[in-house]
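Q: The sequence and its predicted three-dimensional model are supplied below.
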Amino acid sequence: MIRIILYWIDTHGWFITAILSCVVLANVPTPEGLSENGMDVIAILVMSTIILITAQVPLPTVPLLIAVFQVLLDVNTPKGVSQSFMSDSVFFIMGSLMLAVAIVHQKLDRRIAYWILHFAKGSITRLSTGFILVCAIMASFIGGLTVAAIMLPVAITIVINIDENQKNIRNITLMLMFSIAYGCAIASIGTPSGGARNAVMIDYWSRLYDIKISYFEWIKYAYPMVLIQIPVVAFLLRITFKPEKINIGNALDKLRESVKAEGKMNYADWLTVSIFLFILFLWVTSSDTLGLGIPAFIGVSAYLAFGLISWEEINRGVNWGVVLLYGSAISLGIAMQNTGAASWIANALLSGFTSLHLGGGLLLMVIMAVITMLVANIMSNGPAVAVLGPIFLEVAVLSDMSVILVGFIIAMASSFTYMTIIGSPANTIVYGSNFIKPKDFFKAGWKMSIASIIILTLISATYWQFLQ
């Protein structure tokens, strides 16, 4: 028995360290300006980050512990925690994963995958670039969540047809998965409808400074950034995950034969497509009133009611741990805002930079971008803009900097969520494929983060100056 305990301690050292770190931080003297509950939330954040990075326990352990420790440390009530775990975004994640399972079940993804493979003409790089381009264009108008949900089953189908043994094509698999996640990330800044945080920034400009930014004006500032980053993502994924020397023409041949064997699209196929197009229509036109989760649930209900898929098949195909993880990220973000922990962290960072006499200008903008990027990777992009936006906009006023440029810096940098699962919903969705490990995000993520910061700096110093 003692041997078993010692072995468990030896193999779960980081997990134990994470728990102890939370306990210690929750009991140390609270820094000036930070509430006791704010310190407790920071303790939970540190614990969660350590567990996510080290991955010594199953991933669903993290959201469970986030809920448990919020109650144990009196950050929130059991009812409050359960309410904070559920939102329209969580409903959408859940519904999107269910819809993806239904689409794969009807094998429609095979037809889409065949068309994309045909376009790639045997080139893995061309295939990855195609995914990035399609995701970027679509996600800039209807959001990364929706696009990731659409494209994930297509990528899975292609991967399975290239080689059923995933160990033989792990780099190719990672290339395609991150083509979706990063394609959605770089596109989310393109238009106001690309991400909710964009609308938050527009609201801040209007309410705090009486500045009106139209849909088209946003595109003028932001869309060049989207277009520039498309080839950058393709290049960095290519050098990070060097594809195995496999002829994907074989996958094309397999899919061609599979599609021929299935024959023309039947009644069930057309019904599946019709339901999904209707849901896509609701997402684009009625998200203001219905949200994103309810339309997804309408689609899943229709698939079940028409017998296009059974609940048992959905239950087996959905990674419910991913749903829990995303819910916990939102819950922790809410707790950080409610307790003042996020504002305290941001103010502490700003005070440190002020003591270095950085002043205003481009350097301070870069620092704001880096801080926003790091916070967004920890607590997701929406809460990052909500918390840091008013603070950094006020810094812009005090430093005699452009409120508009700083606002775009914050909104865009919040999309550089390349390094963590919870940074963006698209990351969470592709992680749900079970092909990616948490550490894989960092392999390509740090390169993309540096590249995006450099591009943003160059655009703000050159192109944006002509728009002022």
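A: That came through fine. Because the structure is predicted, anything quoted here is derived from the model rather than measured.
Q: what ranges of the stretch 51-200 of the chain fall below the confidence cut-off?
A: Within the stretch 51-200 of the chain, the ranges that satisfy pLDDT under 70 run 53, 55, 104, 106-114, 142, 164, 166, 196.
Q: Could you rerun that using 90?
A: Judged by pLDDT under 90, the stretch 51-200 of the chain has its weakly predicted residues at 51-63, 74, 82-131, 133-170, 172-173, 188-200.
Q: That one: helices as residue ranges?
A: 61-72, 78-85, 88-105, 108-120, 124-142, 144-162, 170-187, 196-209 (DSSP state H, counting those that start in this stretch).
Q: I'd like the ones you listed as JSON lines, with distance to Val318 appended.
A: All C-beta atoms are positioned from the backbone trio N, CA, C, and that covers glycine. Formatted as JSON lines, the helices of the stretch 51-200 of the chain follow (distance: least, CB to CB, whole Å):
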{"stretch": "helix 61-72", "distance to Val318": "15"}
{"stretch": "helix 78-85", "distance to Val318": "17"}
{"stretch": "helix 88-105", "distance to Val318": "5"}
{"stretch": "helix 108-120", "distance to Val318": "16"}
{"stretch": "helix 124-142", "distance to Val318": "22"}
{"stretch": "helix 144-162", "distance to Val318": "12"}
{"stretch": "helix 170-187", "distance to Val318": "17"}
{"stretch": "helix 196-209", "distance to Val318": "24"}
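Q: Ranking those helices by mean neighbour count, which comes first?
A: helix 170-187 (a mean of 28; mean count of other CB atoms under 10 Å).
Q: can you give me the angle it makes with helix 144-162?
A: Angle, helix 170-187 to helix 144-162, by axes from the mean of the first three to the mean of the last three CA atoms, to 10 degrees: 160 degrees.
Q: quick one: helix 170-187 to helix 124-142, angle?
A: 30 degrees.
Q: ok, back up a step: Tyr267: which of the helices of the stretch 51-200 of the chain is closest?
A: Among those, helix 108-120 comes nearest to Tyr267, with 13.1 Å by CB to CB.
Q: How about the contacts made by Gly95?
A: Gly95 sits next to Gly293, Pro295, Ala296, Phe297, Gly299, Val300 when contact means CB atoms under 8 Å, 6 or more residues apart in numbering.
Q: Hmm, Ile124 is touching Asn171, no?
A: No. Contact criterion CB atoms under 8 Å: Ile124 and Asn171 do not qualify, at 9.1 Å.
Q: Give the intersection of the neighbour lists for the two.
A: With CB under 8 Å, 6+ apart, Ile124 and Asn171 have common neighbours Pro243.
Q: residue contacts, Pro192?
A: Asn198, Ala199, Ile202, Tyr215, Trp218.
Q: The closest residue to it other than its chain neighbours and Ser274: what is the separation?
A: Once flanking residues are discounted, Pro192 sits nearest to Asn198: 4.7 Å by CB to CB, 6 or more residues apart in numbering. For Asn198, the distance to Ser274 (CB to CB, to the nearest Å) stands at 31 Å.
Q: can you check His12 too?
A: In this view, His12 and Ser274 are 50 Å apart by CB to CB.
Q: who's more crowded, the two?
A: Set side by side, His12 and Ser274 show more neighbours around His12, with 15 against 11, by other CB atoms under 10 Å.
Q: Quick check: that one touching Thr61?
A: No. His12 lies out of contact with Thr61 (CB under 8 Å); the separation is 10.8 Å.
Q: Tell me which residues touch the residue nearest to Ala386 when sequence neighbours are not counted, please.
A: Among residues not flanking Ala386 along the chain, Val200 sits closest, at 5.7 Å (CB to CB, 6+ apart). The contact partners of Val200, taken as CB under 8 Å, 6+ apart, are Gly382, Val385, Ala386, Gly389.
Q: try 7 Å
A: By CB atoms under 7 Å, 6 or more residues apart in numbering, the contact set of Val200 is Val385, Ala386, Gly389.
Q: Do a quick rundown of the helices in the stretch 301-450 of the chain.
A: Taking DSSP H, counting those that start in this stretch to define them, one finds helices in the stretch 301-450 of the chain at 311-317, 320-339, 341-355, 362-379, 381-398, 403-413, 425-431, 438-461.
Q: how about those helices in a markdown table, adding mean pLDDT?
A: Converted to a markdown table, the helices of the stretch 301-450 of the chain look like this (pLDDT from 0 to 100):
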| stretch | mean pLDDT |
| --- | --- |
| helix 311-317 | 87 |
| helix 320-339 | 79 |
| helix 341-355 | 71 |
| helix 362-379 | 86 |
| helix 381-398 | 76 |
| helix 403-413 | 92 |
| helix 425-431 | 86 |
| helix 438-461 | 92 |
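Q: among those helices, which is the most enclosed?
A: For the helices of the stretch 301-450 of the chain, the largest average neighbour count (mean count of other CB under 10 Å) is found in helix 425-431, namely a mean of 28.
Q: then it to CSV, C-alphas only?
A: Below are the C-alpha coordinates for helix 425-431, written out as CSV (Å, rounded to 0.1, in the frame of the first residue of the first chain):
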residue,chain,number,x,y,z
PRO,A,425,-13.6,28.5,-28.5
ALA,A,426,-12.1,27.3,-31.8
ASN,A,427,-9.1,25.9,-29.9
THR,A,428,-11.4,24.1,-27.6
ILE,A,429,-13.4,22.6,-30.4
VAL,A,430,-10.3,21.2,-32.3
TYR,A,431,-8.9,19.9,-29.0
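Q: Which strands or helices does it pack on?
A: helix 88-105, helix 144-162, helix 170-187, helix 320-339 (3 or more CB pairs under 7 Å, 6 or more residues apart in numbering; DSSP states H and E).
Q: The last one to helix 362-379, inter-axis angle?
A: Taking the same axes, to 10 degrees, one finds that helix 320-339 is oriented at 130 degrees with respect to helix 362-379.
Q: Kindly report the same for the third one.
A: Taking the same axes, to 10 degrees, one finds helix 170-187 and helix 362-379 inclined to each other by 120 degrees.
Q: ok now helix 170-187, how far from the chain's centre?
A: Mean C-alpha position of helix 170-187 versus that of the full chain (CA atoms, centre = their mean, to the nearest Å) differs by 12 Å.
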